[in-house]
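Asks: following is a predicted model, sequence given first.
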Amino acid sequence: DPKIIQKPKYLVAVTGSEKILICEQYLGHNAMYWYRQSAKKPLEFMFSYSYQKLMDNQTASSRFQPQSSKKNHLDLQITALKPDDSATYFCASSQDGGQNTLYFGAGTRLSVL
Amino acid sequence: GDSVTQTEGLVTLTEGLPVMLNCTYQTIYSNPFLFWYVQHLNESPRLLLKSFTDNKRTEHQGFHATLHKSSSSFHLQKSSAQLSDSALYYCALKAASSGQKLVFGQGTILKVYL
């Protein structure tokens, strides 16, 4: 059974629209992340949360907003979608501290038309 | 800031030949953690091996790597490539200077042929 659940697996959106990518983890981890992977760039860090607090934000655009309603949830809201936002978005989690191994979800493949 | 540099692009090998994927890193932090992740086609990245101990070889699933802080390197090796090793490989760095996040290199695609 997957321990990090991402929904949906595939998503097609129209330019200018808004979408929410869902992520839930059942590993008992207290740190969660979003990474993006596209053909133009490899795995690119976006956000990190620890105990539901934003720790790091490497996303220049405010169109990307993480939302953490529960300790094991970290959703990603994307507004005013652009074709350049087309990518696979991976949610990940880890246990805080030390040589923490990052575990990835299966990803949401977003296509913006 | 922290960064990771890997063997550029695509590495192609005949099955049975040795594998070496280069990884060097930059960080001001003296005790970094280094990781290798592997991503097979249409899958998510998963941990292959990790290390934070200088000059100690770490092994997993036939692959091995040694962290050398003197040269800031963490090269991935395997004595004999298999078809199933074809995948995208990422070297990644975690350092206190970069908080909790892993900083990934640009990735190296390994393709193994018969």
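Replies: Received it, and whenever you're ready, just let me know what you need.
Asks: so where do the strands sit in the chain?
Replies: Defaulting to chain A. Ranges of strands in chain A, per DSSP state E, are A:4-7, A:10-13, A:19-25, A:31-37, A:44-50, A:53-57, A:64-67, A:75-78, A:87-94, A:103-104, A:108-112.
Asks: you looked at the wrong chain, it should be chain B
Replies: Here chain B has its strands, by DSSP E, at B:3-6, B:10-14, B:19-21, B:23-26, B:33-39, B:46-51, B:57-60, B:63-66, B:76-78, B:87-94, B:103-104, B:108-113.
Asks: tabulate these (JSON lines), appending mean neighbour count.
Replies: Where you see a C-beta, it was placed from the backbone N, CA and C, and this is true even at glycine. JSON lines is the format used below for the strands of chain B (neighbours: other Cβ atoms under 10 Å in any protein chain shown):
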{"stretch": "strand B:3-6", "mean neighbour count": "19"}
{"stretch": "strand B:10-14", "mean neighbour count": "13"}
{"stretch": "strand B:19-21", "mean neighbour count": "18"}
{"stretch": "strand B:23-26", "mean neighbour count": "20"}
{"stretch": "strand B:33-39", "mean neighbour count": "24"}
{"stretch": "strand B:46-51", "mean neighbour count": "18"}
{"stretch": "strand B:57-60", "mean neighbour count": "14"}
{"stretch": "strand B:63-66", "mean neighbour count": "20"}
{"stretch": "strand B:76-78", "mean neighbour count": "20"}
{"stretch": "strand B:87-94", "mean neighbour count": "24"}
{"stretch": "strand B:103-104", "mean neighbour count": "24"}
{"stretch": "strand B:108-113", "mean neighbour count": "16"}
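Asks: between those strands, which one is closest to A:D96.
Replies: Across these, A:D96 has its closest neighbour in strand B:87-94 (11.8 Å, Cβ to Cβ).
Asks: in the sheet, which strands lie alongside the closest one, parallel or antiparallel?
Replies: strand B:33-39 (antiparallel), strand B:103-104 (antiparallel), strand B:108-113 (antiparallel) (DSSP bridges).
Asks: now for the lowest-mean-pLDDT helix or strand in chain A, which elements pack on it?
Replies: Scoring the helices and strands of chain A by mean pLDDT, DSSP states H and E places strand A:53-57 at the bottom, with a mean of 88. Applying 3 or more Cβ pairs under 8 Å, 6 or more residues apart in numbering or on different chains; DSSP states H and E, one finds that strand A:53-57 contacts strand A:44-50.
Asks: pLDDT below threshold where in chain A?
Replies: For chain A, applying pLDDT under 70 flags the ranges A:1, A:97-99.
Asks: how about a cut-off of 80?
Replies: A:1-2, A:40, A:60, A:96-100 (pLDDT under 80).
Asks: chain B contacts on that one?
Replies: With Cβ under 8 Å from any Cβ of the partner chain as the criterion, chain A meets chain B at residues A:31, A:33, A:35, A:42-45, A:48, A:50, A:55-56, A:58, A:90, A:94, A:96, A:98-107.
Asks: how about the contacts made by A:Q25?
Replies: Going by Cβ atoms under 8 Å, 6 or more residues apart in numbering or on different chains, A:Q25 touches A:3-5, A:32, A:72, A:74, A:91, A:93, A:103, A:105.
Asks: what does A:S17 give?
Replies: Residues in contact with A:S17 (Cβ under 8 Å, 6+ apart) are A:L81.
Asks: now do it against chain B, distance only.
Replies: Between A:S17 and chain B the computed distance is 26 Å (Cβ to the nearest Cβ, to the nearest Å).
Asks: next up, phi/psi of that residue, please.
Replies: phi -80, psi 180 (degrees, to the nearest 10).
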